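K.L.:
Structural data only, the sequence is not supplied:
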């Protein structure tokens, strides 16, 4: 069950940026911890104010909040109306509160002391940056600002700290906005933990949902319950997307987990925060990437409303765009989606339905198979969607393809004008979470050897040497899972038929050694697959590799090919079947809207070729 935390922000207008930062930290913590919802209450939002009385009388009672965050800098805020009768406590007993902020902070402290326990808990922060901002020749404004600052200093001396009495109440000082965000996040995290508000562990029933490891595939939304180790990066990506005018480029070396970060982390998180959000996912891995993009827009979770517009089929809309047409048909589909959602949910007003487009593996757009006009139209559509303000675009890009992206004017302008996210390999603590947390969620144990060393420790020692080896890690963990599951089946048992409290499966040192360890897992699996096919089939491997890769402007780009073209004879077909069984190749149907669905092949990951 989600725990709702009610947080009241008390501060004057001179710390407006810090008020916004409280919202950011709240959203970030919601993403970092399961089953936590933080409702931030600012007096100027969330309600109307009647003219029959003043503002302060209509602001919600402080005692009804779990947390009160007070932020002060150079002024205490606006004076309270004459009819507001509250009086300050000692040492200024009998005086009226000078402002609503002063009343809210001191009232929260009074309630906390009177109750001898939260709620509310009260956190106070004082900004110490230079506060006099008037021009040198504007003495009147300087005087007003100095008087305001002296009022804050007197308030702090009376109720928080002074030279004679020392600290009377705890607070934190900060200089910059980043300092404040960091301090607030640390304090709220500590409060959540101290009050047992951290969400419960995720559960993953392997008897129903299979392995919690994805092998060489990317994590998807369906794996979010076992996607660990990247929560802080997910929140950074969300913040940069929401403050970056609708476009975010996530670049990094191959194997750092860019696709998984977006598919299993960012997109589900964005949809949690905006249930009206429409999501389309495309990979420009075909000769006609624009058609693949448009086809993704027609998908049920994206904008099926396109089928009711001027171009009811993906091919027709693609032709319109290639001919220089604009994105208006897509924006009109968003209008229809708003009307439909309003009617379906019986809403009083039109909801803000937005589109989020993920262009995964953008480097595939620069392959030689893609024509220059196609590439330009593709980039132009992305730019138009972002410029509309009604769509957001996230693109993942291998770091060594950045120059190719910048060389396309429309893409270059987007990338240069907005803050991106460079994804680094996970740190040691995150790697530990990636290895151990999915096993905990799925009730899987790591075997300990005679010396008491757990298999998880052995794996972490190896992966720490190559933090970019996330695909190898997932591949090895998936193979270990299947080896353990096969033992259960051979014993005539079913997964899940274990006593309560016992592990469903145990991953063993012997299986890990048989795999050849982390670095040898893919090679061992591929060699085993090749041993099972005739020599004539093995001889077809170089031609098969050439059919599924190409030069992408100096970088290797994985492609895909129709099964009939990549495997035109019986020997190659036998090789393909063995490599598909070994998870080295992936066979599926195209997603580019072609009229004749035909099985296609691709390598499961680039690391297949280097491992």
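P.N.:
All right, it came through fine. Only a predicted model underlies this, so the values are computations on that prediction, with no experimental measurement involved.
K.L.:
From residue 152, how far off is the most far-flung residue of the chain relative to its centre?
P.N.:
If you look at how far each residue of the chain sits from its centre, by C-alpha atoms, centre = their mean, the farthest one is residue 94, at 51.4 Å. Using C-beta to C-beta, to the nearest Å, one gets 21 Å for the distance from residue 94 to residue 152. C-betas here are computed from N, CA, C, even on glycine.
K.L.:
Show me the strands in the stretch 151-300 of the chain, by range?
P.N.:
161-162, 166-167, 172-174, 247-252, 278-282 (DSSP state E, counting those that start in this stretch).
K.L.:
and what of the stretch 1-150 of the chain?
P.N.:
In the stretch 1-150 of the chain, the strands defined using DSSP E, counting those that start in this stretch lie at 3-10, 36-42, 67-72, 121-127.
K.L.:
what's the angle between the first one and strand 67-72?
P.N.:
Calculated by axes from the mean of the first three to the mean of the last three C-alpha atoms, to 10 degrees, strand 3-10 forms an angle of 20 degrees with strand 67-72.
K.L.:
what's next to strand 3-10, contact-wise?
P.N.:
19, 22, 26, 35-42, 60, 62, 64-71, 100-101, 104-105, 108, 120, 192, 197, 199 (C-beta atoms under 8 Å, 6 or more residues apart in numbering).
K.L.:
what is the orientation angle of that strand with strand 121-127?
P.N.:
Using the same axes, to 10 degrees: strand 3-10 against strand 121-127 is 40 degrees.
K.L.:
What are the buried residues along strand 3-10?
P.N.:
3, 5-10 (16 or more other C-beta atoms under 10 Å).
K.L.:
Kindly indicate which of the residues you listed lies nearest residue 339.
P.N.:
residue 6 (34.2 Å; C-beta to C-beta).
K.L.:
so what's the closest one closest to, chain neighbours aside?
P.N.:
For residue 6, ignoring the flanking residues on the chain, the nearest one in space by C-beta to C-beta, 6 or more residues apart in numbering is residue 65 at 4.7 Å.
K.L.:
Surely that neighbour touches residue 119?
P.N.:
Yes. Shown here, residue 65 and residue 119 form a contact pair, counting by C-beta atoms under 8 Å, at 6.3 Å.
K.L.:
And these two? Which one has more around it.
P.N.:
For residue 65 and residue 119, the more surrounded residue by other C-beta atoms under 10 Å is residue 65, and the numbers stand at 25 against 19.
K.L.:
For the closest residue to residue 161 other than its chain neighbours, give its distance to residue 160.
P.N.:
Closest residue in space to residue 161, ignoring its immediate chain neighbours: residue 167 at 4.9 Å, by C-beta to C-beta, 6+ apart. As for residue 167, its distance to residue 160 is 7 Å (criterion: C-beta to C-beta).
K.L.:
These two: who's more crowded?
P.N.:
Neighbours were counted for residue 167 and for residue 160 using other C-beta under 10 Å; residue 160 has more, 18 against 9.
K.L.:
ok, that one - contacts?
P.N.:
124, 126, 167-169, 171.
K.L.:
Let me see the contact set for the closest residue to residue 252 other than its chain neighbours.
P.N.:
Leaving aside its chain neighbours, residue 252 sits nearest to residue 423 (3.5 Å; criterion: C-beta to C-beta, 6+ apart). Contact partners of residue 423, counting by C-beta under 8 Å, 6+ apart, are 233, 250-252, 256-258, 261.
K.L.:
With respect to pLDDT, which of the residues you listed ranks lowest?
P.N.:
The lowest pLDDT within the contacts of residue 423 belongs to residue 256, with 88.
K.L.:
Pull the number of nearby residues for that one.
P.N.:
26.
K.L.:
thought it was touching residue 421?
P.N.:
No. Checked against C-beta under 8 Å, the pair residue 256 and residue 421 is beyond contact range at 11.2 Å.
K.L.:
now the strands for the stretch 351-500 of the chain?
P.N.:
355-359, 391-398, 421-422, 444-446.
K.L.:
would a markdown table of those strands with distance to residue 225, mean pLDDT and mean neighbour count be doable?
P.N.:
Converted to a markdown table, these look like this (distance: least, C-beta to C-beta, whole Å; pLDDT from 0 to 100; neighbours: other C-beta atoms under 10 Å):
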| stretch | distance to residue 225 | mean pLDDT | mean neighbour count |
| --- | --- | --- | --- |
| strand 355-359 | 20 | 97 | 24 |
| strand 391-398 | 22 | 95 | 24 |
| strand 421-422 | 24 | 94 | 17 |
| strand 444-446 | 14 | 95 | 21 |
